[in-house]
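# What would the 3D arrangement of this be:
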Amino acid sequence: MTAPALPRPGWRGPALAARRALRAEWTKQRTVAGPAWLLGAAVVLTIAVSTAAAAATHCRPNGDCSVEAVKLSLTGVQLGQAVVAVLAATAVSAEYGTGMIRVTLTAVPGRLTLLAAKAVTITGPVLVGGSVAVLGSLLAGRLLLPAHGLTPARGFPVLSLTDGPVLRAAVGSVLYLGLIGLLALGIGTAVRDTAASIGITLGLLYLFPIIAASVSDPSWHRHLNQLSPMTSGLTIQATRDLSALPIGPWAGLGVLAAWAAAALLAGGLVLRLRDA
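Okay, here's the model as predicted:
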């Protein structure tokens, strides 16, 4: 009689654990009201601010108009990112605050697997919501800006995703919001306190440009803008005078990606080395 074959260890064990972790985290995201409300708020605020910015912009017929239509239409991303940061930071820090992290780690003992599952279940909805927000913002700009003097006759083509720079700005803005989510998740995992993680994330985003603006030395001003996660990341929205930017659009988004990767690395190390 032949002995029954024992299951061979391999990729099936980790893959099964990853699927279970994803299912558990996705169930949490769907059954708790907070994440859905925050994501909806990010979408609404992004479109609302972008619409207000487009509605408030006027170019007089006989005056010089140096407005960048695409970037103006995506102004709301600068506010929507704050809500995305809150959403992502609280995904893990809130569990530490309530003690639920112990239950989570009992269900998913692999800590890096847990962090990866949280990253996927946060980034996925943020990318979907970001797509809606960016498309809504560009649509508002397309409808409002021509009526306010930003016409093709004055060098402002109608906003269209068939235009390469506009498409790059749109896709890049969606990726930008996804990277902001990963940055906040990494910081929240490392800090473990909701208020502190949100404060650090928003400080990195909004204080860097303020500090750079206060520096009089042109070289340091440029370097600080190149290091700033928000300033560098948002260069992806630029469609004019790219040579005058402190960093190129895709390189700037790469700077934000490096910040997000560093935050996730720090969060992963803290999660693995420290007790819950």
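# And the helices in this protein?
When assigned using DSSP state H, the helices of the chain occupy the ranges 12-31, 33-55, 69-73, 77-98, 100-107, 111-144, 164-191, 194-214, 218-227, 229-233, 249-273.
# helices and strands around the third one, which ones?
In this case it means helix 69-73. With contacts defined as 3 or more Cβ pairs under 8 Å, 6 or more residues apart in numbering; DSSP states H and E, the packing partners of helix 69-73 are helix 33-55, helix 111-144, helix 164-191. Any C-beta I mention is one placed from the backbone N, CA and C, and that applies to glycine too.
# Of the helices of the chain, give the one that comes closest to residue 155.
The stretch from the helices of the chain with the least distance to residue 155 (Cβ to Cβ) is helix 69-73; that distance is 9.6 Å.
# pLDDT of that closest one, averaged?
pLDDT averaged over helix 69-73 equals 93, rounded to a whole number.
# quick one: buried residues of that helix?
69-73 (16 or more other Cβ atoms under 10 Å).
# mind checking which of the helices of the chain is nearest residue 154?
Closest approach to residue 154 among the helices of the chain is made by helix 69-73 (10.4 Å; Cβ to Cβ).
# nearest to residue 152, of the helices of the chain?
Of all those, it is helix 69-73 that lies closest to residue 152, at 10.7 Å by Cβ to Cβ.
# chain center to that closest one, what's the gap?
Helix 69-73 has its C-alpha centroid displaced from the chain centroid by 18 Å (Cα atoms, centre = their mean, to the nearest Å).
# Just the CA coordinates for it, please, in CSV.
In CSV, the C-alpha atoms belonging to helix 69-73 read as follows (Å, rounded to 0.1, in the frame of the first residue of the first chain):
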residue,chain,number,x,y,z
ALA,A,69,-5.5,75.4,-17.0
VAL,A,70,-4.8,71.7,-16.2
LYS,A,71,-3.2,72.4,-12.9
LEU,A,72,-5.9,74.9,-12.0
SER,A,73,-8.6,72.4,-12.7
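# Need the contact partners of it.
If you take Cβ atoms under 8 Å, 6 or more residues apart in numbering as the criterion, helix 69-73 is touched by 50, 53-54, 57, 137-138, 140-142, 145, 150, 156, 159, 165-166, 169, 237-239.
# Give the buried subset of those as a ChimeraX selection command.
This is how ChimeraX selects the buried members of these, with burial counted by 16+ other Cβ under 10 Å:
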select :50,53,54,57,137,138,140,141,142,145,150,156,159,166,169,237,238,239
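# Show me the shaky parts of the stretch 51-200 of the chain.
Across the stretch 51-200 of the chain, residues meeting the criterion (pLDDT under 70) sit at 61-64.
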